[in-house]
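Trainee: My questions concern the predicted model and sequence given below.
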Amino acid sequence: MGVRQAFQSFWLFTAKTAARAFFRKWLRKAKACALWPITKVATVLAKHLPGLLSYIKHSVTNAVTEGTNSKIQMIKSCARGFRFFVNYHIAILFHCGKLDLHP
């Protein structure tokens with residue numbers, strides 16, 4: 001099993017201490033790897049370890065928020081700007097508000 005595939009096991013942990021121990025072992029293997037993309041990813045993941053461990057503890061991500069933000073940015077770019085903030089606000093509510101227009 002390669003270094004990349006081995007990291008997939010990280011997401012199966014439910015205890016932070018076990019996840020941290022696994023990560024330290026994995027990090028040593030990844031840094032010993034001769035492939036620079038693997039070592040680069042390992043370094044980035046090491047910097048974000050507190051956030052990764054937070055996910056292990058809470059199992060919550062901000063994916064829904066990021067998706068909504070992406071929709072809002074698309075609305076903004078499609079309109080090429082809004083003259084008034086009220087119009088922007090209405091467009092966001094219309095597209096993201098999950099309104100039922102057919103009673």
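Mentor: Here it is on my side, so go on.

Trainee: Name all residues that make contact with the residue nearest to K71 when sequence neighbours are not counted.
Mentor: Excluding the flanking residues, the one nearest K71 by CB to CB, 6 or more residues apart in numbering is C96, at 5.4 Å. To be clear about C-beta, it is placed using only N, CA and C from the backbone, and glycine gets the same treatment. Neighbour list for C96: T68, K71, I72, I75 [criterion: CB atoms under 8 Å, 6 or more residues apart in numbering].

Trainee: Show me the residue sitting in the middle of this protein in space.
Mentor: Taking CA atoms, centre = their mean, the centroid of the chain lies closest to A63, which sits 6.0 Å from it.

Trainee: Just the ones in helices from the contacts of C96, please.
Mentor: Judged by DSSP state H, these include T68, K71, I72, I75 as members of helices.

Trainee: what's the spacing between the nearest residue to the third one once chain neighbours are set aside and V41?
Mentor: Counting by CB to CB, 6+ apart, I72 lies nearest to I92, which is 5.6 Å off, once chain neighbours are set aside. The spacing between I92 and V41, counted by CB to CB, to the nearest Å, is 35 Å.

Trainee: pLDDT wise, what is R4 at?
Mentor: pLDDT recorded at R4 is 86.

Trainee: List the contacts of K29.
Mentor: So K29 contacts V3, A6 (CB under 8 Å, 6+ apart).

Trainee: domain parsing for this protein?
Mentor: Following automatic domain parsing, one finds the domains of the chain at 3-58, 63-96.

Trainee: just to revisit the earlier point, tell me, how many residues neighbour the residue nearest to I72?
Mentor: 15 (other CB atoms under 10 Å).

Trainee: now Y55: how far from L35?
Mentor: Taken as CB to CB, the span from Y55 to L35 is 25 Å.

Trainee: With neighbour numbers in mind, choose between those two.
Mentor: Y55 (15 against 12).

Trainee: wait, that one sits on N62?
Mentor: No. Y55 lies out of contact with N62 (CB atoms under 8 Å); the separation is 10.4 Å.

Trainee: thinking again about what came up before, now which of the ones in helices among the contacts of C96 would you call buried?
Mentor: Using 16 or more other CB atoms under 10 Å as the burial test, these include I75 as buried.
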